[in-house]
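A.B. asks: need coordinates for the below:
(chains A and B)
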Amino acid sequence: MIWLGNVSKSYEKGGELAVDRLQLQVKPGEIFGFLGPNGAGKTTTIKMVTGILRPDEGEIEVDGVSMVDSPLEAKGRIGYVPDQPEAIMRVTGWEYLRFIADVYGVSEEERKVRLPQLLERYGMEEAVYDLMNGYSRGMKQKLAVIASLIHDPAVWILDEPMVGLDPQAAMVVKEEMKKWRDRGKTIFFSTHVLEVAERLCDRVAILQKGQLMAVGTMDELKQGSGVVADEETLERLFLELTGT
Amino acid sequence: MKKGWALFELIVRGQFRLSYFRDRYQKKSRRWEIGVGLLGLVLLEWFILNLYGGAYHLFDQIGQPEKVFQLLVIGGVLWVLVTSITHLIQQLYFTQDAEVVSPLPLTPNQVVGARLAGVWLGQVVGMVIFFLPGFYLYGLNIGMGPSYYILVLDLLLALPVLPIVFTGSLVLGLMRAIPWGKYHHQLRRLGPIFIALLYVVMFVLIQWVNGGRGTFLAQGMLDVPGTIASYFYPLHWALGVGSSGISGWINALFFDSFSLCLALLFIIIGGSLYQKGLHKISMDGKRTGKPGKVESNLKERSPFRVLLRREYHLLMDTPVFVTNVIFQFVIVPLVFLVGNLSEGGIDDLSIPPIFLHLGGVVMILVMGAMNDGEARSALSREGRFFYLSKVIPVPWRIQIGAKYTFAMMILLCACVTISLLQVLFFGTWMISLWTFITGALVGSLFVQVGLLIDLRMPNLTWQTPREALQGLGRLWMYLLLAGFVGFVGPLTGFLVEEVDLPFIQMQLIWSALFIGLNVASWKWLVKVANRRYQEIDG
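C.D. replies: Okay, here's the model as predicted:
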């Protein structure tokens, strides 16, 4: 479960709010899509939920643990796929995964079971022994996905996960999300691909200028807004709500 | 502890490129590079040993050989103090993995501890290469017992802690105090200037310590260790490690305990400072655009001007690149200035004009060639964005022309600096003018050589800016070619002098020769650029 209570964030003291009193709850066993145009505050929100940024105001809880008061415990329950899987590049994929497993305290037995499965699923059995700086963006993304799942997190957060993935890998990620939802986990992801959100998400939220414009299931959104007919797609709804 | 260790291990692997080297040298065809590297190391150690041998002899002559140990200790502290600054800033301020590490369940203390340990290990390696030979040579000359050699190893482990904690505190303090989100980019540019100024201060201090007015070098340095240690008592323990008998062990115990406590204290306090500073950095670069600027930015500009401006940003927006350029304009003139002042001026020296002139030209060339060379990394600095140069519809000739012009603008600054220094110290306007002209002409050849090297073997896949400037092969090729260009000129000058021509006529012939060479090499450069821009994979 993810809970945000009146969370606000500004990048400059007294400046414009990047996230404005955001109130949101993502339940266990659901895939939650986070939509919005560029600069809407999606990544800022995700950075606050994952503990990279500290909110100016409000509370954030991950799986019932406060990110503000107990960041370490809360972070341990999250698997995070960043939007730009760059960074620690001078090591092999295997060394990176080993580092992540160490940091999350994954036991040897768990590693033996999970790692081969994940590597096989994403076709990284051989590439994992290569240096990461030789990886394509898609491979880095795959490795970031694998790294985020090693410790079997209760909450899986993905920032633009489909960018850079080939269709096959994208399908694997989508299937993975469904599988994790079926296991009662919480999946929270941002995307620009509206079709993906429409087909995959149990609920979506639309953010505009840091404010929550709409939240609910697809049906709820279509009925609740009162401006979009039933047959309209999410794209139309998105454009209506964000005024783009 | 285990989690912090995992991060430390990863940092060390990245820092020393262990995985990269293992991957590279799995192929047998490349193993010769290891041999060359080891040979280079042996030569370096031989050179260092000779240097220390000379220093020991010097102090032995004035009857104070024990001062060598003390100077090595203080030298080690100062070495770490200066060299760890950039490493710490890179690890804490500009680290690229901050957003990977932040969401992990690691305490700020673990992160600071792991990063600090990475810097410490790097410094220990540096100390082993540059200082261990000196300590051991001293021990052999003095005839120290076996325990001395063990204590020295222990000292090399403990010695970097104190200066690292000092510089680390400075860096963390800055990180916490300054509103990075707003001034990050400006500070990135000021950073290298600060570091260069630090070197200047150190250089002036060393000159001051020397007596500065002809005092014998070693005599002037005798009191330095004691003076520095008197301001910071724990250094007395480090200096005492060189004592014979039980005293050395007791001093080592005190110094180790002190260093360990200091490191732990820093990690405990530094954790919270680091975390707060990191939040500020994460907010960098957001919403800095100013409304109303759009119209003024719509004016049409020539591609050449735009590319010249891009060269400026490629250089100025990356601290490592700026540092290299600033060094050319600070260190060399400083050596010239302080060196001459400490000798009591050179007004009374009667230097023939040709030597004065050649000296100036050589100084310009040194300024142009030292460190990593602006031109030699002109393409490499573009890194993975080199593809942009391939897709924009601007002829390669103009692109390479912009790079050449920008490098020449920097070199001309060097010419002006040296010429002005000549006027200042010798009052010779005419010679200075010719120094400027010849320096610019020869420097232009240097710039073109640098560009040719980078066109031949660009490094576009760097992960950190420092890597863009590295490359042993490129450096050797550059030095060989630059050496050739740099010596043909003076040699010609001497030949012309042999035929006993007046100074002005000689300069005119010389300039005509270099103008010709410049025209020919420019044509060659454009030809190579036209070919290589197409061949290089962006």
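A.B. asks: what number of residues lie near B:Ala378?
C.D. replies: For B:Ala378, the count of nearby residues is 26 (other Cβ atoms under 10 Å in any protein chain shown). To be clear about C-beta, it is placed using only N, CA and C from the backbone, and glycine gets the same treatment.
A.B. asks: quick one, phi psi at it?
C.D. replies: Here is the backbone geometry of B:Ala378 (degrees, to the nearest 10): phi -60, psi -40.
A.B. asks: residues contacting it?
C.D. replies: Contact partners of B:Ala378, counting by Cβ atoms under 8 Å, 6 or more residues apart in numbering or on different chains, are B:Glu311, B:Lys403, B:Phe406, B:Ala407, B:Gly450, B:Leu451, B:Asp454.
A.B. asks: leaving out chain neighbours, which residue sits closest to it?
C.D. replies: Spatial nearest neighbour of B:Ala378, excluding adjacent residues (Cβ to Cβ, 6 or more residues apart in numbering or on different chains): B:Lys403 at 4.3 Å.
A.B. asks: gap between A:Ala127 and A:Trp94?
C.D. replies: For A:Ala127, the distance to A:Trp94 (Cβ to Cβ, to the nearest Å) stands at 10 Å.
A.B. asks: closest to chain A out of the contacts of B:Ala378?
C.D. replies: B:Asp454 (20.5 Å; Cβ to the nearest Cβ).
A.B. asks: ok, that closest one touching B:Arg376?
C.D. replies: Yes - assessed by Cβ atoms under 8 Å, B:Asp454 is found in contact with B:Arg376 at 5.6 Å.
A.B. asks: and B:Lys527, how many neighbours?
C.D. replies: 12.
A.B. asks: what ranges does the stretch 301-450 of chain B have for its helices?
C.D. replies: For the stretch 301-450 of chain B, applying DSSP state H, counting those that start in this stretch gives helices covering B:303-316, B:319-342, B:353-369, B:386-391, B:396-426, B:429-456.
A.B. asks: excluding its backbone neighbours, what's nearest the residue of the stretch 301-450 of chain B found nearest chain A?
C.D. replies: Nearest to chain A in the stretch 301-450 of chain B, going by Cβ to the nearest Cβ, is B:Arg384, at a distance of 10.6 Å. Nearest non-adjacent residue to B:Arg384, counting by Cβ to Cβ, 6+ apart: B:Leu460, 6.4 Å away.
A.B. asks: if you rank the contacts of B:Ala378 by neighbours, which is first?
C.D. replies: Among these, B:Lys403 has the most neighbours (other Cβ under 10 Å), with 29 neighbours.
A.B. asks: domain-wise, how is chain A divided?
C.D. replies: Chain A breaks down by automatic domain parsing into domains covering A:2-77+A:155-242, A:85-152.
A.B. asks: could you do chain B as well?
C.D. replies: Here the domain parsing of chain B from automatic domain parsing is B:2-282, B:303-535.
A.B. asks: least confident of those, on average?
C.D. replies: Among those, domain B:303-535 has the lowest mean pLDDT, at a mean of 74.
A.B. asks: pull the longest helix from chain A.
C.D. replies: If you go by DSSP state H, chain A has its longest helix at helix A:167-182.
A.B. asks: neighbours around B:Ser272, how many?
C.D. replies: Counted with other Cβ under 10 Å, residues neighbouring B:Ser272 total 14.
A.B. asks: could you tell me which residues of chain A lie near chain B?
C.D. replies: Within chain A, the residues that sit near chain B (Cβ under 8 Å from any Cβ of the partner chain) are A:11-12, A:15-16, A:18, A:47, A:50-54, A:72-73, A:75-76, A:78, A:80, A:82, A:84, A:86-92, A:95-96, A:98-100, A:102-105, A:130-131, A:133.
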